[in-house]
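Undergrad: Turn this into a structure:
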Amino acid sequence: MIRGLYTSAIGMTTQFKRMDVISNNLANADNTGFKKDIVVSRSFPEELTKRINDQKNGFSNNQNIGRMSLGLYVDEVYTNFRQGSLAQTSDPFNLALEGRGFFAIQGEDGVERYTRDGSFVLNSDGRLMTKEGNLVLGENGVISLEQGDVRIDEEGNIFLDNELVDRLRIVNFDNPETLRKVGDNLLERSNQTQEIAFEGRVTQGFLETSNVNVVDEMIDMITATRIYEANQKAIQTHDETLGKAVNEVGRL
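TA: I've put the predicted structure just below:
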């Protein structure tokens with residue numbers, strides 16, 4: 001009886017976490033280069049139940065009853081790095097990556113981080129930066145540009161009036177699933193991630209949209225809500241049954 005309460009409670013907690021992730025995906029559906037998260041659930045290992053000190057017709061009846069499951073729990077939150085579609089802007093500082101890879105960004109703390117959001121701007125000092133104020137890195141450090149015609153080719157080479165200035169630092173990782181989101185649409189690497197060469201291409205005047213499908217997220221939200229409600233009703237049923245066992249059966 002008590003096991004049923006805990007199993008349902010764990011199910012509610014799992015769906016609550018799933019709702020948090022879905023809500024975050026929907027909130028960032030319009031953010032450039034955002035990658036959706038997916039909750040991966042796993043069932044607890046099945047337990048073998050058996051009778052202990054049981055008697056039947058005067059003989060020992062310690063037999064296996066069968067296996068039982070204790071429900072689901074959240075195993076991990078997985079980031080889906082599937083490519084988003086490209087939207088044309090014609091802004092020379094708007095860049096999109098086709099293929100697996102990330103722009104290298106210098107955070108406010110000076111630590112290198114990564115993003116798929118290529119909606120860059122020039123600040124008053126002529127330095128290329130993100131909308132949030134993080135500096136964009138090239139192979140020679142922070143990218144600085146003067147006034148003129150800016151052209152960026154498919155390999156990330158930056159030309160000012162047809163003169164090569166720098167090359168965007170674009171990196172890829174052998175295991176991008178281990179990257180961790182740190183805010184402002186940025187990612188940071190872990191010790192389990194090794195840097196590898198970028199084999200895609202840069203497209204100037206385009207932005208990559210998020211890979212969030214709003215319709216799919218809404219369907220997942222409805223499903224999570226229904227499962228949550230089912231577990232809630234199961235807890236109410238267990239509670240009513242326990243109440244009868246204590247208040248009615250216990251009096252006999």
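Undergrad: dump the residue contacts of the closest residue to residue 195 other than its chain neighbours.
TA: Among residues not flanking residue 195 along the chain, residue 171 sits closest, at 5.3 Å (C-beta to C-beta, 6 or more residues apart in numbering). (Glycine included, C-beta is placed from N, CA and C.) Applying C-beta atoms under 8 Å, 6 or more residues apart in numbering to residue 171 gives the contacts 101, 102, 104, 114, 195, 196, 198.
Undergrad: And residue 171, its phi and psi?
TA: The phi and psi values for residue 171, taken as degrees, to the nearest 10, are phi -120, psi 160.
Undergrad: While we're on the closest residue to residue 154 other than its chain neighbours, how confident is the model there?
TA: Once flanking residues are discounted, residue 154 sits nearest to residue 201: 4.0 Å by C-beta to C-beta, 6+ apart. What the model reports as pLDDT for residue 201 is 95.
Undergrad: Same check on residue 227?
TA: pLDDT, read off for residue 227, is 93.
Undergrad: Name the SS class of it, please.
TA: The three-state assignment at residue 227 reads helix, by DSSP: H, G, I helix; E, B strand; the rest coil.
Undergrad: What of residue 76?
TA: strand.
Undergrad: And the strand or helix carrying residue 217, what does it pack against?
TA: Residue 217 is part of helix 214-247, with elements assigned from DSSP states H and E. With contacts taken as 3 or more C-beta pairs under 8 Å, 6 or more residues apart in numbering; DSSP states H and E, helix 214-247 sits against helix 2-27.
Undergrad: What's the mean pLDDT across the next helix or strand after the helix it packs on?
TA: Next helix or strand after helix 2-27 toward the C-terminus (DSSP H and E): strand 37-43. Mean pLDDT, strand 37-43: 88.
Undergrad: for the following helix or strand past strand 37-43, packing partners?
TA: Following strand 37-43 in sequence order, the next helix or strand is strand 47-50 (DSSP H and E). Strand 47-50 sits against strand 64-68, with contacts defined as 3+ C-beta pairs under 8 Å, 6+ apart.
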